[in-house]
Each structure stands twice: as C-alpha cells, then as structure tokens.
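Trainee: Okay, sequence plus prediction incoming.
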Amino acid sequence: MNRCPWCKDNEIYIKYHDEEWGVPVHDDIKHFEFLVLESAQAGLSWITVLKKREEYRRVYDDFEPIKVSQYDDKKVNELVENPGIIRNKKKIEASINNANKFINIQKEFGSFDNYIWNFVDGTPLINKWEDISKVPATSELSDRICKDLKSRGFKFLGSTIIYAYLQAIGVINDHITSCFRHTQIL
C-alpha cells in the first residue's frame, strides 16, 4: 500500500496519516486542537507533538476553547512544568490568547468551522503532487488566512503553521497522487 513518504514506518505517523490527515474537519473543538498542536510543533517534528497529544488533551481540558481561555498564571506555570507537553511558555501563553480570539470568531461567524471553510467556499483544495518534494510549506491561501488571524489578535501562527493546519483539517489535500488516501478523501 502506497502512502505519503513522510509517515515512513512509524506506527503513530501511519495511524495519523491513514485516519486523520487531510480528512475534512467540521468540529470546532478539533479545529482548536489542531491550531494549538500545530503552533506547539513550530520548530519541532510533528511526531514529537503526536506522541504528546494525549497529554495535551488531558491538561488542555480536551481543547475546550472556553476553558483554555480562562487559564491563569498558575495554570500556565503548571503547563510549563509538565514534561508531557511542549513546555514553551510563549507557545502556551499564545494558546490561551488564541482561545479567546477563537471564541470571538465563533461569535462572529457562528462557528470557527464557518470561518475557516469560507476561505475555500466550503470545498477542499485537491492538489495533485506526484512527489513530496513539490509540496509547498506555504501558499497564497495560508498567507491570507494567517494575515487575517493575526489581524484578529492570534499569536504564534505563521503561514507555515497555517498551511500545516489546513493540510491536517482537510482544507488542502496534499496526499501525493500515488498515496492510497489521495483519492479516498476527495
């Protein structure tokens, strides 16, 4: 079975690739989870974050934006001391800030899902990359969304993070054409 080469022989990567990556997400909790995790991943490998995902879910109250938005200095210090997550204080503080901004978008658009999918008129972008080396790290779309999120006060989210987020949530299908998942999630 052909897969995108980035998942190699790692069971965690394979499960994530086969079951989640690129599948359209329409649940706001999942959107927030991926925004937090993609931001936490900046400068690190995705496998590092995937290995810590369950602990993130536990200590981040299952990624409930309202709960995360209410985290105080005591909670930040607890998170910074937790070896089960990425212990970068700026990333943690950004996730709390972003929870507040996420809630603002939900209020304005009815859901974060409405907001993010509006950028592509509700239809995933299906790329047809034959080689993984051709898959970009950013795009005009990720640039535009990043700029909009930053104008709304989001922090620690650059165009590369947003591009990875869009891949994860299925707004962009970047499974290479020889990968069995490419046509499964059209």
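Mentor: Okay, I see it.
Trainee: drop to CA atoms for contacts and neighbour counts, all remaining ones
Mentor: Will do.
Trainee: Grab the longest helix from the protein for me.
Mentor: helix 89-109 (DSSP state H).
Trainee: counting contacts, what elements does it pack onto?
Mentor: Helix 89-109 is packed against helix 28-41, helix 65-69, helix 73-80, helix 112-118, with contacts defined by 3 or more CA pairs under 8 Å, 6 or more residues apart in numbering; DSSP states H and E.
Trainee: which regions of the chain sit below the pLDDT cut-off?
Mentor: The chain contains residues with pLDDT under 70 at 186.
Trainee: tally of neighbours for residue 26?
Mentor: 16 (other CA atoms under 10 Å).
Trainee: and what of residue 86?
Mentor: 20.
Trainee: before we move on, what SS does it have?
Mentor: What DSSP: H, G, I helix; E, B strand; the rest coil gives for residue 86 is coil.
Trainee: mind listing what the closest residue to it other than its chain neighbours touches?
Mentor: Leaving aside its sequence neighbours, residue 86 sits nearest to residue 40 (CA to CA, 6 or more residues apart in numbering; 6.4 Å). By CA atoms under 8 Å, 6 or more residues apart in numbering, the contact set of residue 40 is 49, 86, 91-92.
Trainee: How about residue 94?
Mentor: By CA under 8 Å, 6+ apart, residue 94 lies in contact with 154-156.
Trainee: measure the residue nearest the centre of the chain to residue 161 for me?
Mentor: Compute the mean C-alpha point of the chain, and by CA atoms, centre = their mean the closest residue is residue 34, 3.0 Å away. Going from residue 34 to residue 161 by CA to CA, to the nearest Å gives 10 Å.
Trainee: ok, the nearest residue to residue 7 once chain neighbours are set aside - how many residues close by?
Mentor: Nearest non-adjacent residue to residue 7, counting by CA to CA, 6+ apart: residue 13, 4.9 Å away. By other CA under 10 Å, 18 other residues sit near residue 13.
Trainee: And the one 4 residues further on, by the same measure?
Mentor: Burial measure for residue 17: 19 neighbouring residues, criterion other CA under 10 Å.
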